[in-house]
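Chemist: here is a sequence together with a model predicted from it:
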Amino acid sequence: MVQDFTFNIHRLRFDENYHPSDRTRLTTNFANLARGDSRQENLRNVMRMIDNRFNDLARWDNPMGDRYSVELEIVSVEMDLAFAGKNDSFPLIEVLYSTIVDKNDSKRIEGLAGNSFSSYVRDYDFSVLLPDYNKDKSEFCVPHNYGDVHGNLFKSVVYSPAYRKSFRKLPVICLSVSTNRTYHRTENQHPVLGVEYQQHDFSLTDQYFEKMGMKVRYFMPANSVAPLAFYFFGDLLSDYSALELISTISVMESFQKIYRPEIYNANAAAADCFRPSLKYQDYSNTRIVYDRVERTQLATAQGKYTEENFIRPYHDILEQWSASYVS
């Protein structure tokens, strides 16, 4: 019986010179932007968007609105396959890590790991397993123990020696809110995260992240037009500094304006009772080129790759390990 797995962490700078590696999921936010004729302009523009949004939220002692810039690294976590007698590894997840550059004080401030979240196994679960499971069913449902293996693999990563050696804090992941849920504005307001929205009927994504050990809260920061979903361990409001939270907001809101402009680049802010929709037409496009249809097609292709190279060969080992896993 495998007691636990070993993980290797690699970092790669994300800037205008970034090129996706052969083992990077091409559906990932950052990888998708770094392809095609507009790749360098895309990357330059998105980094400018991130810096501008960061300074917009960090206004104190920042009269010119240019005190800070954000540097990003792609953090790739690979799972060692030595447990199966293989001298190889599988690209398990990718997240982003931010570093805040304070140009006034000439210092670098650690940001957060997480932000975006990319997972080959999640591609398999959502784009291969679920469609196959529901093919002949009259009502949508999920398999027994859906997301358990992925959730336990993720917890095994963030509690591993490799992760603890690389990062001071557990990750915060920031995603779009669900288009099939309704969110209600509350009176609660955080100085950085903004106004809190709530909904108590968790989406499938919310439930999936719960299997990963993460809780969720929904906040709409100042000058935003829609709430974001923040997935976290511990206490989101007290475990992280203002600048750490701003780094996550500035990075992920910029990505969402590109990928879901109908929601995050809308010309009117979310109402008190808000149901997001990708059919909304009153929005502005960024100048950044992105193919949403291709991204969906790639998710299925990469889910099948995971099935062939990871799920099927190691299914019994993974299931047995997951059933006895304790974080």
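Modeler: Everything's here; your move.

Chemist: pretty sure residue 202 contacts residue 208?
Modeler: No - using Cβ atoms under 8 Å, residue 202 is not in contact with residue 208; the gap is 9.4 Å. To be clear about C-beta, it is placed using only N, CA and C from the backbone, and glycine gets the same treatment.

Chemist: contact partners for the closest residue to residue 269 other than its chain neighbours?
Modeler: Spatial nearest neighbour of residue 269, excluding adjacent residues (Cβ to Cβ, 6 or more residues apart in numbering): residue 225 at 4.5 Å. Going by Cβ atoms under 8 Å, 6 or more residues apart in numbering, residue 225 touches 263, 264, 265, 266, 267, 268, 269, 270.

Chemist: any regions of this protein where pLDDT drops low?
Modeler: When residues are selected by pLDDT under 70, those of the chain lie in 1-3, 19-39, 289-297.

Chemist: switch the cut-off to 90
Modeler: In the predicted model of the chain, residues 1-4, 12-46, 82-88, 118, 135-139, 144, 200, 258-259, 285-302, 325-327 satisfy pLDDT under 90.

Chemist: what about the strands in it?
Modeler: 7-14, 68-80, 89-102, 107-119, 172-176, 183-190, 194-198, 215-220, 228-232, 273-274 (DSSP state E).

Chemist: export those strands to CSV and tack on mean neighbour count and distance to residue 162?
Modeler: What follows is these, written out as CSV (neighbours: other Cβ atoms under 10 Å; distance: least, Cβ to Cβ, whole Å):
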stretch, mean neighbour count, distance to residue 162
strand 7-14, 15, 5
strand 68-80, 20, 8
strand 89-102, 21, 11
strand 107-119, 21, 12
strand 172-176, 22, 18
strand 183-190, 14, 32
strand 194-198, 19, 34
strand 215-220, 20, 24
strand 228-232, 23, 21
strand 273-274, 16, 39
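
Chemist: can you redo the ones you listed as JSON lines with distance to residue 318?
Modeler: Output for those, formatted as JSON lines (distance: least, Cβ to Cβ, whole Å):
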{"stretch": "strand 7-14", "distance to residue 318": "15"}
{"stretch": "strand 68-80", "distance to residue 318": "10"}
{"stretch": "strand 89-102", "distance to residue 318": "11"}
{"stretch": "strand 107-119", "distance to residue 318": "14"}
{"stretch": "strand 172-176", "distance to residue 318": "22"}
{"stretch": "strand 183-190", "distance to residue 318": "35"}
{"stretch": "strand 194-198", "distance to residue 318": "35"}
{"stretch": "strand 215-220", "distance to residue 318": "25"}
{"stretch": "strand 228-232", "distance to residue 318": "23"}
{"stretch": "strand 273-274", "distance to residue 318": "38"}
